[in-house]
Structures are given as structure tokens and as C-alpha cells.
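In: Structure for the following, please:
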Amino acid sequence: MSAPASTAGSLADVLPAAAAALGVPFPGAAEPLSVTVPPARVVVVLLVDGLGDLALAAHAGHAPFLRSLRADPCSSRLRSGFPSTTATSLGMLGTGLLPGAHGLVGLDVLDPARDVVFNELMWDPAVEPRRWQPSLTVFEHLEASGLQVTRVGPAYFDGSGLTEAVQRGGRFVAAQSLADRVAAGLQAVRATKSGLVYVYWGEVDKAGHEAGVASWRWLTELEEIDAYARRLAEGLPADVQLVITADHGMVDVPSTRRYDLAVEADLAAGIRHLGGEPRAQHLYCRPGAADDVLATWRARLGSSMVVLPKAEAVAAGWFGPVSPHVLPRIGDVVTAAVDPIAVVDSRTARPETLALKGFHGARTEDEVYVPLLVSPGLRR
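Out: Below is the predicted model of the structure:
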């Protein structure tokens with residue numbers, strides 16, 4: 001595994017490209033955008049959680065429709081951010097900003113005002129989402145521009161902290177099954193004069209976590225999303241553009257390659273809070289302990305994991321440009337696995353997390369690369 005090449009486009013450019021396609025460019029978007037979406041009356045964005053580009057390419061025989069979309073000149077490979085995790089990536093997608101700017105810099109992240117680590121997927125009622133992420137979202141921009149915005153996903157997304165932080169704007173439609181979400185997406189398109197329809201699907205990610213990438217369960221989910229993506233595409237009018245992407249990929253980690261801070265006393269020494277995720281930690285250290293923590297983790301894990309002090313990780317651009325208010329959220333020491341290893345703490349981790357087979361968060365190609373699949377106008 002290796003860090004991704006810098007030539008791939010950015011996940012942060014997907015919704016700004018959709019806004020451009022709708023004739024209302026997003027203020028502050030990158031120039032030029034690394035993503036191109038053809039002009040359309042409505043843009044439909046399907047986000048498949050956990051569908052890494054390399055895994056999709058390796059198992060393309062199970063996804064003939066998605067494979068066919070690679071032929072479109074607008075289709076490509078994108079980079080998610082660091083960490084390569086859902087909260088961070090949805091922040092990129094929703095705001096058009098890199099992690100250091102939108103501020104959702106991992107799964108478990110320090111709230112410096114309270115010295116408390118909280119989970120940015122589950123959220124914490126003590127954290128006000130719009131304070132945590134105050135920047136304009138692309139959804140809000142489209143709505144303010146007079147376009148219709150519909151977001152389709154599970155009911156518990158509606159009004160959640162993560163949604164309010166990075167996907168606020170427009171109306172939300174709750175739908176449970178994939179069939180229901182595709183139907184809701186098509187209904188929204190029919191009801192939309194001009195605008196964006198966003199559909200989220202998370203079962204590929206769940207299968208990868210619980211059963212492993214390329215397990216029979218993961219392949220079954222890949223086949224299902226392929227079939228319903230085709231159904232979605234075939235149901236769209238000619239003046240509607242479909243874009244399919246993902247938030248991160250995943251790698252399997254054997255149980256024998258996991259380090260548990262509950263029993264690894266040297267790795268736990270000096271750490272005040274463990275943040276991030278099993279393949280990309282934020283190590284929030286006790287006062288004066290950061291140098292010792294850095295040296296210990298490098299000595300124990302340095303051949304399988306890049307371990308950097310905060311300043312070096314920021315200077316290396318891991319998070320993109322970092323805003324001053326975001327800097328305290330980043331660990332004193334930051335890690336990114338390069339081999340199939342994971343670091344957990346069974347004293348605080350949920351049992352479900354400890355039982356997982358697939359993980360993500362680091363900077364390897366398997367985790368960072370995601371597909372950008374643009375409908376080639378099959379209906380035109």
C-alpha cells in the first residue's frame with residue numbers, strides 16, 4: 001500500500017461541479033475544479049459509502065453498470081481527505097472544503113473547549129453543529145440561489161449533528177431500503193424544476209466493516225447497488241445528469257495485526273485521549289509527553305505506520321490548509337497506517353468496533369481513492 005498520487009481529483013469538488021452544471025457556481029470553489037459535470041436541469045448525486053475505487057475495479061465483474069460508466073470522459077478517480085472516513089469525507093462533499101478548513105478531522109475528535117473527545121458520526125448534543133462547522137454548504141448555496149434541493153437517506157440522518165454540520169440545506173426525505181431511496185430520488189427529480197437530488201447508501205460500507213472487503217456479503221451489496229444504480233439511471237429524463245461517487249475505501253485487517261492499548265502499556269503511556277480511528281490516530285498527549293509518545297510509537301510501529309508530530313502532519317498537507325480554530329482539534333501526534341494493521345483500545349472501544357474486519361482512515365490508495373462515475377448520456 002502507498003499514499004495516493006496527487007493527480008486524482010478531489011471529492012471536495014463534486015458538489016461545486018454539480019452547482020456549476022446547474023448554472024450557479026459555488027463561491028470559493030477551487031479554480032479550476034478537478035471534476036466536470038455536464039450542464040443539466042437536475043443533477044442527481046448517489047453517494048455509496050465505503051465503495052473504494054480500487055476494490056470496485058478489482059471486482060468490476062460484479063458491477064457491470066458501474067463499470068460501463070468509466071467510459072464517460074467525465075468519469076475519473078477522486079481522492080477523499082485525511083482521515084479517509086465518513087464524517088471527514090461528507091464534510092468535504094457538503095462544504096467543498098478540505099478537512100483542515102471544514103474542521104471535521106476524524107471519527108473521534110477532541111472538542112478543545114471541553115477537553116472531551118466525541119464521535120463525529122454519533123455526534124454529541126453538547127457540540128452545536130453550526131458552530132463546529134460554520135461555513136456555507138453547497139446545499140445551502142443551491143437553495144439560496146432558488147434551486148430545489150432534496151436529500152434522501154435513512155430517517156435518523158434528518159436533523160442529526162453531522163447532517164446539520166455539513167449537509168444542511170434543502171429538504172430531507174427519509175427512505176429505508178435501497179429500492180425506496182431510488183424511488184424517492186426519482187420522485188424528487190420529477191418534482192424538481194431545477195436543482196440537486198442527493199441519495200445516500202451505506203450498506204456497502206457496513207458489509208465491508210463486518211464481513212470484509214470482497215467477502216460474499218460485500219460482493220452481494222456491490223451487485224445490489226449496481227442494479228439499483230442502473231434502475232436510477234434508466235428512470236432519469238434526458239436533461240438530468242447522474243453522478244456516482246463514494247466517501248472512502250477500505251482494507252481488511254487480520255486480528256493478529258491489531259494493537260490494543262489496554263495491553264500495550266508502552267503505546268498507551270503519555271496519552272491523555274485516543275482519537276481518530278484504528279488506522280489513523282489522533283494522539284492527544286499529556287503535558288510534556290508528546291516527544292516520548294512520538295518516539296515510542298515510531299519505535300514500535302514505524303515500519304507499518306507513518307507517525308508524525310502535529311506540526312509536520314499539517315505542514316505535509318495531510319489535512320489541506322488548516323484554519324486556526326481547527327488546529328487544536330488535531331492530535332499532538334498523528335498516525336496513518338501503511339500496512340494492514342490497526343490500533344484500538346478495548347477499554348473504551350465498543351465491542352462492535354473490536355469485532356470489525358474491514359477498516360479505513362489512513363492514506364493508502366485502497367482507502368483514499370474513490371470513484372467518480374458520470375452517466376455518459378445513455379438516454380440522450
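In: where are the low-confidence patches of this structure?
Out: 1-7, 376-380 (pLDDT under 70).
In: Contacts for the longest helix belonging to it next, please.
Out: Ranked by residue count under DSSP state H, the longest helix found in the chain is helix 216-234. Applying Cβ atoms under 8 Å, 6 or more residues apart in numbering, the external contacts of helix 216-234 come out as 44, 46, 48, 51, 56, 59, 62-66, 178-179, 182, 185-186, 199, 201, 203-204, 206-208, 210-212, 242, 244, 375, 378-379. All C-beta atoms are positioned from the backbone trio N, CA, C, and that covers glycine.
In: Show me what stretch 119-126 is in contact with.
Out: Applying Cβ under 8 Å, 6+ apart, the contact partners of stretch 119-126 are 86-88, 104, 106-109, 111, 114, 116, 118, 129, 160-162, 165.
In: which among those residues end up buried?
Out: 86-88, 104, 106-109, 118, 129, 160-162, 165 (16 or more other Cβ atoms under 10 Å).
In: Could you let me know which of the residues you listed ends up closest to residue 269?
Out: Residue 269 lies nearest to residue 108 out of the buried ones among the contacts of stretch 119-126, by Cβ to Cβ, at 19.6 Å.
In: Would you quantify the distance from the closest one to residue 41?
Out: According to Cβ to Cβ, to the nearest Å, residue 108 and residue 41 sit 41 Å apart.
In: Looks to me like residue 100 is in a strand.
Out: No - according to DSSP: H, G, I helix; E, B strand; the rest coil, residue 100 belongs to no strand; its state is helix.
In: Show the contacting residues for it.
Out: Residues counted as contacts of residue 100 (Cβ under 8 Å, 6+ apart) are 314, 319, 320, 321, 322, 323, 326.
In: do that again at 10 Å, thanks
Out: The neighbours of residue 100, taking Cβ atoms under 10 Å, 6 or more residues apart in numbering as the test, are 81-82, 314, 317-323, 326-327, 329-330.
In: Run through the strands of the stretch 151-300 of the chain in chain order.
Out: Under the criterion DSSP state E, counting those that start in this stretch, the stretch 151-300 of the chain contains strands at 171-174, 195-201, 240-245, 251-252, 258-260, 271-277, 280-285.
In: what's the angle from the longest helix of the chain to strand 240-245?
Out: Helix 216-234 and strand 240-245 are oriented at 160 degrees to each other (axes from the mean of the first three to the mean of the last three Cα atoms, to 10 degrees).
In: what's residue 129 sitting at in phi/psi?
Out: Note on residue 129: its backbone torsions stand at phi -60, psi -40 [degrees, to the nearest 10].
In: Helix or strand: which one has residue 30?
Out: Per DSSP states H and E, residue 30 falls between elements, in no helix or strand.
In: Phi and psi next, for residue 325.
Out: Torsion angles at residue 325 (phi, psi; degrees, to the nearest 10) stand at phi -70, psi -20.
In: Ok, residue 342 next?
Out: Main-chain dihedrals, residue 342, degrees, to the nearest 10: phi -150, psi 150.
In: Spatially, what comes nearest to it if we skip its sequence neighbours?
Out: residue 278 (3.6 Å; Cβ to Cβ, 6 or more residues apart in numbering).
In: thought the one you found was touching residue 340?
Out: No - here residue 278 does not reach residue 340: they are 11.1 Å apart, not a contact under Cβ atoms under 10 Å.
In: Now the common contact residues for the two.
Out: Taking Cβ under 10 Å, 6+ apart as the criterion, residue 278 and residue 340 both touch 253, 258, 359, 362.
In: how much space is there between the second one and residue 141?
Out: Think residue 258. Relative to residue 141, and taking Cβ to Cβ, residue 258 is found at 42 Å.
In: more crowded one of those two?
Out: Per other Cβ atoms under 10 Å, whichever of residue 258 and residue 141 has more neighbours is residue 141, with 23 against 17.
In: What helix or strand is that one located in?
Out: helix 138-144.
In: Give me the contacts around that helix.
Out: By Cβ under 10 Å, 6+ apart, the list of residues contacting helix 138-144 from outside reads 12, 14-19, 22, 24-29, 43, 45, 93-96, 136-137, 147-151, 163, 166-171, 194-196, 198.
In: Restrict that helix to CA atoms and write it as PDB.
Out: In PDB, the C-alpha atoms belonging to helix 138-144 read as follows (Å, rounded to 0.1, in the frame of the first residue of the first chain):
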ATOM      1  CA  VAL A 138     -23.300  23.700  -1.200                       C
ATOM      2  CA  PHE A 139     -26.800  22.600  -0.300                       C
ATOM      3  CA  GLU A 140     -27.500  25.900   1.300                       C
ATOM      4  CA  HIS A 141     -26.000  27.800  -1.600                       C
ATOM      5  CA  LEU A 142     -28.200  26.000  -4.100                       C
ATOM      6  CA  GLU A 143     -31.300  26.600  -2.000                       C
ATOM      7  CA  ALA A 144     -30.400  30.300  -1.600                       C
END
